[in-house]
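[1] Sequence plus predicted model, see below.
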Amino acid sequence: MNSILHYLKNKRLVWQAHQNVHSTAQLDSTGFKELDAELQGGFPKQGVVDIDSPVGIGELRLLLPNLHARQQSNGRLLVFIAPSMRINSEMLAEYGFNLQQVLVIHPDSPKEALWCAEQCLKSGCCQAVLLWHQAIEIHQVKRLQLAAEQGDALHVLLRQNKQVSLSLPVSLGMRLRAHPQGLNIEITKRKGGWPGRPFNLDMNQQWPQLTIQPRPDNVLPFPHSKVS
């Protein structure tokens with residue numbers, strides 16, 4: 001048995017708990033030093049990242065630094081599919097994105113959204129594809145993972161996770177919750193690694209307007225009504 005294990009280790013077919021499969025060459029910085037440290041380098045260069053998050057708490061802000069760096073480095077398309085909010089072109093332009101390389105797709109159904117994501121990923125024309133999708137199956141994620149590998153692209157799946165017991169075959173899984181200074185993040189799954197404890201990510205350095213300090217002089221007393 002030991003000789004078999006030795007053979008498998010030499011062929012790199014066995015992963016051990018103290019090993020980290022990803023090297024820094026396979027990861028891209030998230031743009032946040034604390035998150036890079038938790039992820040041991042950053043987001044995967046390709047594959048599927050599953051983000052469980054309520055809508056509008058800063059989940060897109062979390063991705064912008066990495067997506068912008070990708071666009072700057074390779075000039076390929078950034079695609080938004082079935083977004084649950086309006087994508088603000090002024091915000092993207094202000095951040096430095098080339099809007100000529102940004103595509104927003106509004107499919108007629110969740111099935112069409114999955115088809116669009118798969119075609120975009122494996123085309124080789126896209127650096128990243130963001131898909132908002134609430135009900136997804138394991139076999140569908142496997143297809144998206146394969147398409148992302150074929151097209152050397154990052155696929156970000158954004159959803160409000162109602163499939164608590166369903167573990168998807170993704171490269172990275174994260175659960176986001178709102179926090180006064182930014183986001184509370186829990187790494188729920190990491191390929192070749194362990195999940196992590198929740199931690200707070202301070203996003204004020206990138207977006208100082210996120211936190212408004214209370215001003216006691218602006219507090220108005222609640223009027224008392226007379227009781228006859």
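    Here it is on my side, so go on. Since the model is a prediction, treat every value here as computed from it, not as a measurement.
[2] what's the neighbour count on residue 171?
    Per other CB atoms under 10 Å, the neighbour tally for residue 171 reads 23. C-beta coordinates here come from the backbone N, C-alpha and C atoms, glycine included.
[3] whoops, I mixed them up, residue 156
    23.
[4] Same check on the one 4 residues further on?
    Other residues within reach of residue 160 by the criterion other CB under 10 Å amount to 11.
[5] Distance check, it against residue 177.
    Distance of residue 160 to residue 177, given as CB to CB, to the nearest Å: 12 Å.
[6] Likewise for residue 185?
    With CB to CB as the criterion, residue 185 and residue 177 are 8 Å apart.
[7] For residue 125, the count of nearby residues, please.
    Residue 125 has 15 neighbouring residues, counting by other CB under 10 Å.
[8] The one 4 residues further on too?
    Number of residues near residue 129 (other CB under 10 Å) recorded here: 29.
[9] ok so it is a strand residue?
    Yes. Counting by DSSP: H, G, I helix; E, B strand; the rest coil, residue 129 is part of a strand.
[10] List the contacts of residue 31.
    Listed by CB atoms under 8 Å, 6 or more residues apart in numbering, the contact partners of residue 31 are 64, 65, 66, 68, 69, 206.
[11] Narrow these to those that are buried.
    64, 65, 66, 68, 69 (16 or more other CB atoms under 10 Å).
[12] Which members of the residues you listed occur in strands, if any?
    The members of the buried ones among the contacts of residue 31 all map outside strands under DSSP state E.
[13] Please enumerate the helices of this protein.
    All helices of the chain, identified by DSSP state H, fall at 2-10, 33-38, 59-74, 89-95, 110-123, 138-150.
[14] Can you say which of those is nearest to residue 83?
    When these are compared for distance to residue 83 using CB to CB, the nearest one is helix 59-74, at 8.7 Å.
[15] Check which helices and strands that closest one sits against.
    Judged by 3 or more CB pairs under 8 Å, 6 or more residues apart in numbering; DSSP states H and E, helix 59-74 is in contact with strand 27-28, strand 77-81, strand 126-132, strand 154-159.
[16] just to revisit the earlier point, common neighbours of residue 160 and residue 177, please.
    53, 54.
[17] What sits closest to residue 83 if chain neighbours are left out?
    In this structure, residue 83 finds its nearest non-sequential neighbour in residue 132, 5.5 Å apart by CB to CB, 6 or more residues apart in numbering.
[18] for residue 35, same thing?
    Excluding the flanking residues, the one nearest residue 35 by CB to CB, 6+ apart is residue 201, at 5.8 Å.
[19] doesn't residue 178 make contact with the one you found?
    No. Counting by CB atoms under 8 Å, residue 178 is not a contact partner of residue 201; they are 11.4 Å apart.
[20] Could you list the low-pLDDT ranges of this protein?
    1-25, 162-166, 192-195, 209-228 (pLDDT under 70).
[21] please redo it, this time with the cut-off set to 90
    Counting by pLDDT under 90, the chain shows low-confidence ranges at 1-28, 40, 56, 73-75, 84-85, 134-136, 160-169, 179-182, 189-197, 203-228.
[22] residues contacting residue 72?
    Residue 72 touches residue 96, counting by CB under 8 Å, 6+ apart.
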